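# need coordinates for the following:
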Amino acid sequence: MQWFFLLFPFLELWTLIELGAATSPLLAIGWVVLGIVLGMSMIRRQGLNMIRQAQRDAEGGFITPRFLGDDLAVVTSGFLLMVPGLVTDLLALIVLVGPLRRALLGIAPVEVRRQASFRAEFRSRADSGQAARADDNVTIEGDFQRVEDRDPHG
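Numbers count the residues shown, from 1 in each chain. Next comes the predicted model:
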């Protein structure tokens, strides 16, 4: 995996050089500039929508799965578009298109799917201005990992 991160920038550079050789250098430069501008505008637009949605969800007491999945996918796609190169642009397209993203997640290893699928809900009477009662039922769901108790002095 370390080799991948070492060689990935060279792969991106090679794809841009090949694009410039096959078409024109000006088109390759334009491709990079267009990707940066498009990525920035996607992040700006979706980021503002995410902030508004998070505020509405906080008032309602829960975070919707759509907010966690689709909105974050658009922001991730925007970041990928801002990286110069054709490989990250292809990845941005895969992340942006919902059916492709779900198909990619479907073939991912189980550990990746487990980390990618989660649901967050919270409800608090204190947030809504009501006092909490002792007989209120509260359910907290989540994953945990047991860490053995260790002696701090020893």
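# only C-alpha atoms from now on, for both contacts and neighbour counts.
Fine.
# give me the helices and strands touching the longest helix anywhere in the chain, please.
Counting residues, the longest helix in the chain under DSSP state H turns out to be helix 25-60. Secondary-structure packing of helix 25-60 (3 or more C-alpha pairs under 8 Å, 6 or more residues apart in numbering; DSSP states H and E): helix 2-22, helix 72-82.
# isn't M82 right up against I36?
Yes - with contact defined as C-alpha atoms under 8 Å, M82 reaches I36; the gap is 4.2 Å.
# quick check: closest non-adjacent residue to D89.
In this structure, D89 finds its nearest non-sequential neighbour in L81, 5.2 Å apart by C-alpha to C-alpha, 6 or more residues apart in numbering.
# doesn't V87 make contact with the one you found?
No - at 9.7 Å, L81 does not count as touching V87 under the criterion of C-alpha under 8 Å.
# re earlier: got a list of what the residue nearest to D89 touches?
G35, I36, L38, G39, T88, D89, A92 (C-alpha atoms under 8 Å, 6 or more residues apart in numbering).
# residues near the third one, how many?
If I follow you right, that is L38. Burial of L38 is recorded as 16 neighbouring residues (other C-alpha atoms under 10 Å).
# how about it, what does it touch?
G78, L81, M82.
# let me know the pLDDT of it.
In the predicted model, L38 carries a pLDDT score of 95.
# any idea how far A92 is from it?
Relative to A92, L38 is positioned 11 Å away (C-alpha to C-alpha, to the nearest Å).
# what sits in contact with each of these two?
G78, L81.
# contact partners for L91?
Counted by C-alpha under 8 Å, 6+ apart, L91 has contacts S77, L80.
# what do you get if the cut-off is 10 Å, keeping everything else the same?
Residues near L91 by C-alpha atoms under 10 Å, 6 or more residues apart in numbering: T76, S77, L80, L81, R101.
# with F4 instead?
L11.
# can I get the contacts of L91 in TSV with distance to N49 and pLDDT?
Converted to TSV, the contacts of L91 look like this (distance: C-alpha to C-alpha, whole Å; pLDDT from 0 to 100):
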residue	distance to N49	pLDDT
T76	14	88
S77	15	92
L80	19	94
L81	19	94
R101	21	78
